[in-house]
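Colleague: Give me a 3D structure for the following:
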Amino acid sequence: MRELPELRPGLFRWTAVHPEAPPEPKTASPDDWGPEVSSIAYLAPDALLLVDPLVPEDRGDLQEELDALVRRHARPVAIVTTLQFHRRSRVALADRYQATTSRAKRALPRDVETVVLRGAGETMVWLPKARALVPGDRLLGDDRGGVRLCPDSWMRYLPSGMRREGLRAALRPLLDLPVELVLVSHGEPVLENGHEAIAAALAD
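Modeller: Next comes the predicted model:
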């Protein structure tokens, strides 16, 4: 599938231009993110999982390939959103596929887990069999093959008042996972040595 590159068997990642992307983002500001954002599809044994999916209205090619993947897997569709700002195409796709949208443990597909970052306003998705971690906004691509923590400005709305030091503490349990891939929403993904990339970001 040309528009849905397969990173590992049953694990797909695609990018699309976000319609609300800031035209001139300022470094370290709340708007410091590029127009291309990524989404994930995973063929779990009992469902097709979509994480933070974005299918813009002008991407009929992408919609057709996603439709084909849904038909091919022939399982119910489950949509998981990592944080409130990543609802993107959730409503439209939930209607299109009669998908569930709950992050409750009992509602998740098999072989899919979540990592709740207390006080950080985010729930990451962990795919143990693929050794793939799917963050929302708290880990970003660093443009050097690794990841970085989001700037403080991205957490300004949190009731917890969390800042980078608190975020480091919230992210530290990720080091207990055998992460190989870190499939960030913003920036380039880490496709090998993900554990080391996370460790380096926490030590920076």
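
Colleague: State which strand of this structure is the longest.
Modeller: Ranked by residue count under DSSP state E, the longest strand found in the chain is strand 36-44.

Colleague: Report the rounded mean pLDDT for it.
Modeller: Averaged across strand 36-44, pLDDT comes to 96.

Colleague: Buried ones in it, by neighbour count?
Modeller: Under the neighbour-count criterion of 16 or more other C-beta atoms under 10 Å, strand 36-44 has Val37, Ser38, Ser39, Ile40, Ala41, Tyr42, Leu43, Ala44 buried. In short, each C-beta sits where N, CA and C put it, glycine included.

Colleague: Moving C-terminal from it, which element do we reach first?
Modeller: strand 47-51 (DSSP states H and E).

Colleague: per-residue pLDDT, Arg2?
Modeller: pLDDT at Arg2 comes out at 76.

Colleague: For the buried residues of strand 36-44, which two are the farthest from each other?
Modeller: Using C-beta to C-beta, these span at most 22.5 Å, a distance reached by Val37 and Ala44.

Colleague: related to what we said a few turns ago, may I have the longest strand of the chain exported as CSV, CA atoms only?
Modeller: Extracted C-alpha coordinates of strand 36-44, given in CSV (Å, rounded to 0.1, in the frame of the first residue of the first chain):
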residue,chain,number,x,y,z
GLU,A,36,3.0,16.9,8.5
VAL,A,37,1.6,14.8,11.3
SER,A,38,1.6,11.0,11.6
SER,A,39,-1.1,8.4,12.3
ILE,A,40,-0.8,4.6,13.0
ALA,A,41,-2.8,1.6,12.0
TYR,A,42,-2.2,-1.8,13.6
LEU,A,43,-3.7,-5.2,12.8
ALA,A,44,-4.5,-6.6,16.2
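
Colleague: residues contacting the residue lying closest to Leu181 once chain neighbours are set aside?
Modeller: Nearest non-adjacent residue to Leu181, counting by C-beta to C-beta, 6 or more residues apart in numbering: Ala132, 4.1 Å away. Neighbour list for Ala132: Leu7, Arg8, Leu11, Tyr42, Trp126, Val179, Glu180, Leu181, Val182, Leu183, Gly194 [criterion: C-beta atoms under 8 Å, 6 or more residues apart in numbering].
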